[in-house]
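Student: need coordinates for the below:
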Amino acid sequence: MRIILDTDKCDGLGMCEAAAPDVFEVGTDGIVVILDDTPSENQREDVVEAIESCPVLALRLT
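Tutor: Model prediction:
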């Protein structure tokens, strides 16, 4: 699995960081940073929750 971030859509609300703090972090510029864009399968549940919680649909999983 691979995480894709659309930085043009990201508002830095931090919903993804709350759901998967080992994978996402809101940077000092207010844009999310993906700490691990190819997380392990054991993180899938948290990553899916993070992606689904993004209110601006800036994240997707491939």
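
Student: in this structure residue 59 contacts residue 53, no?
Tutor: No. Between residue 59 and residue 53 there is no contact under C-beta atoms under 8 Å: 9.0 Å. Just so you know, the C-beta spots here come from the backbone N, C-alpha and C atoms, and that holds for glycine as well.

Student: what are the ranges of the strands in the chain?
Tutor: Along the chain, the segments classed as strands by DSSP state E run 3-5, 24-26, 32-34, 59-61.

Student: same list, these, but as TSV with mean pLDDT, mean neighbour count and distance to residue 43 please.
Tutor: Output for those, formatted as TSV (pLDDT from 0 to 100; neighbours: other C-beta atoms under 10 Å; distance: least, C-beta to C-beta, whole Å):
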stretch	mean pLDDT	mean neighbour count	distance to residue 43
strand 3-5	96	18	10
strand 24-26	96	20	11
strand 32-34	95	20	12
strand 59-61	96	16	11
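
Student: the ones you listed: which one's closest to residue 46?
Tutor: Residue 46 lies closest, by C-beta to C-beta, to one member of the strands of the chain: strand 24-26, at 9.5 Å.
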